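[1] build the 3D model from these lines:
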Amino acid sequence: MARFDEDDELHTGGLREYLLAGAVEFRWILSHPIRPSNSGQRVPNEHGEPHRYPLNASIWEMLSGAVDQLAAGGAYRFERGDLPDDHFARVMGGGNDTLELGGDDVLRLVV
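    As a prediction, the model looks like this:
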């Protein structure tokens with residue numbers, strides 16, 4: 001794993017929160033219940049939350065790994081194109097380059 005030049009390396013305050021918010025939103029969008037009741041209304045579960053059908057629950061579980069990893073402060077790999085538009089590293093390479101936000105919140109290029 002290569003690091004950015006020392007001048008470019010950044011302890012990225014706020015990047016973890018940005019990526020976490022995006023992962024939470026993506027998980028919710030993909031696993032949101034899509035089968036309404038006969039009346040067209042969403043069917044709540046016993047807790048009053050939207051009922052998750054088996055496929056939705058599987059997607060939720062699959063996408064929870066990224067959310068849990070970011071929330072726990074662990075290392076997280078993602079593509080450069082997932083960086084915020086104004087992040088310095090967004091234009092430093094290809095959009096599909098793999099980056100890692102380490103547990104120390106330092107962004108590194110994975111080679």
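[2] pLDDT of stretch 77-91, averaged?
    When pLDDT is averaged along stretch 77-91, the result is 90.
[3] run through who's touching it.
    Under the contact criterion C-beta atoms under 8 Å, 6 or more residues apart in numbering, stretch 77-91 has outside partners 4, 8, 10, 15, 18-19, 22, 92-101, 107, 110. The way it works is simple: take the backbone N, C-alpha and C, and place the C-beta from them, glycine included.
[4] any of these buried? List them.
    Neighbour counting with 16 or more other C-beta atoms under 10 Å marks Phe4, Leu15, Tyr18, Leu19, Gly22, Leu99, Leu101, Leu107 as buried within the contacts of stretch 77-91.
[5] quick one: the residue nearest to the spatial centre of the chain and Val67, what's the gap?
    By C-alpha atoms, centre = their mean, the chain has its centre lying nearest to Ala23, at 2.7 Å. The spacing between Ala23 and Val67, counted by C-beta to C-beta, to the nearest Å, is 5 Å.
[6] check Val110 too.
    Val110 is 21 Å from Val67, by C-beta to C-beta.
[7] do Glu25 as well
    Distance check for Glu25 against Val67: by C-beta to C-beta, it reads 10 Å.
[8] between these two, who's got more neighbours?
    Val67 (19 against 10; other C-beta atoms under 10 Å).
[9] mind listing the strands for the chain?
    2-3, 76-79, 98-101, 107-109 (DSSP state E).
[10] got JSON lines for those strands, with distance to His87 too?
    What follows is these, written out as JSON lines (distance: least, C-beta to C-beta, whole Å):
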{"stretch": "strand 2-3", "distance to His87": "16"}
{"stretch": "strand 76-79", "distance to His87": "12"}
{"stretch": "strand 98-101", "distance to His87": "10"}
{"stretch": "strand 107-109", "distance to His87": "9"}
